[in-house]
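**Q** Build me a structure from this.
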Amino acid sequence: MAFTRLTMSGQFRSSAFVFALIFYGVIISAGAQTPTTSPAPTPCALRSNTSCAECLQNVTCLWCAPTKQCVDYPVRNILPPSSVCPLNDARWGLCWVNFQILIITMSVLGGIIIITILVCCFCCCKCERFGNKKEDAKVERQTRARKSRQKAKRTEMQLRHDEIRQKYGMAKDNPYARMDDH
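**A** Okay, here's the model as predicted:
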């Protein structure tokens, strides 16, 4: 009894120790993952009359090339309105990427992807339907072959029966005559 109590308390201690280690590890890893506060990025308006590269270091900024203004990207609109900057002159993300060309390219790529998906779906449906026609034709050929074999067996059986009737003198001239008439 005393030995049992000792082992149970030893098991309890080891379980508590493992739990404490896991808890300590979680706290340490959570503490290591807490983000350090970085200095707030400078507002886009303060980067005006500098360079495109300096303006676009902040992803929320939009560079207007002719006016050399760095403005906050108008997030309420998908595309920046021409009152902020014409699309052809707007730069966002990379200085060498024309915003208008970026939009056109993305639209074309999206259209190509959609058309490709539709063509693939159409081809899959077409192939499936064509495959079913092949299978239907195969089943039809098998059915016809089976019926012709059955007909040949029936004819062969009928000939054997007629031979047996002939052999035992039970052949009938009129197939509709009664057997008793002979």
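**Q** How is this structure partitioned into domains?
**A** 44-97, 117-172 (automatic domain parsing).
**Q** Export those as a markdown table, with columns for mean pLDDT, distance to residue 106 and mean neighbour count.
**A** Glycine gets a C-beta too; all of them are placed from N, C-alpha and C. Shown next, in a markdown table, are those (pLDDT from 0 to 100; distance: least, C-beta to C-beta, whole Å; neighbours: other C-beta atoms under 10 Å):
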| stretch | mean pLDDT | distance to residue 106 | mean neighbour count |
| --- | --- | --- | --- |
| domain 44-97 | 85 | 11 | 15 |
| domain 117-172 | 85 | 16 | 10 |
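**Q** For those domains, give me JSON lines that also has distance to residue 104.
**A** Shown next, in JSON lines, are the domains of the chain (distance: least, C-beta to C-beta, whole Å):
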{"stretch": "domain 44-97", "distance to residue 104": "10"}
{"stretch": "domain 117-172", "distance to residue 104": "21"}
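**Q** The strand or helix carrying residue 152 packs against which elements?
**A** Counting by DSSP states H and E, the element that carries residue 152 is helix 99-167. Using 3 or more C-beta pairs under 8 Å, 6 or more residues apart in numbering; DSSP states H and E, the elements in contact with helix 99-167 are strand 90-91.
**Q** SS state for residue 71?
**A** Three-state assignment for residue 71 (DSSP: H, G, I helix; E, B strand; the rest coil): strand.
**Q** how close does it get to residue 113?
**A** Counting by C-beta to C-beta, to the nearest Å, the gap from residue 71 to residue 113 is 32 Å.
**Q** same thing with residue 44?
**A** Residue 44 is 33 Å from residue 113, by C-beta to C-beta.
**Q** One more: residue 162?
**A** Taking C-beta to C-beta, one finds residue 162 at 73 Å from residue 113.
**Q** again with residue 149
**A** 53 Å.
**Q** ok, so what distance separates residue 114 from residue 134?
**A** Taking C-beta to C-beta, one finds residue 114 at 30 Å from residue 134.
**Q** hang on, I meant residue 102
**A** Taking C-beta to C-beta, one finds residue 102 at 47 Å from residue 134.
**Q** now do residue 59
**A** In terms of C-beta to C-beta, residue 59 sits 55 Å off from residue 134.
**Q** before we move on, what about residue 124?
**A** 15 Å.
**Q** do the same with residue 161
**A** For residue 161, the distance to residue 134 - C-beta to C-beta - is 41 Å.
**Q** Tell me if I'm right that residue 90 and residue 80 touch.
**A** Yes. Contact criterion C-beta atoms under 8 Å: residue 90 and residue 80 qualify, at 5.6 Å.
**Q** Many thanks, we can stop here.
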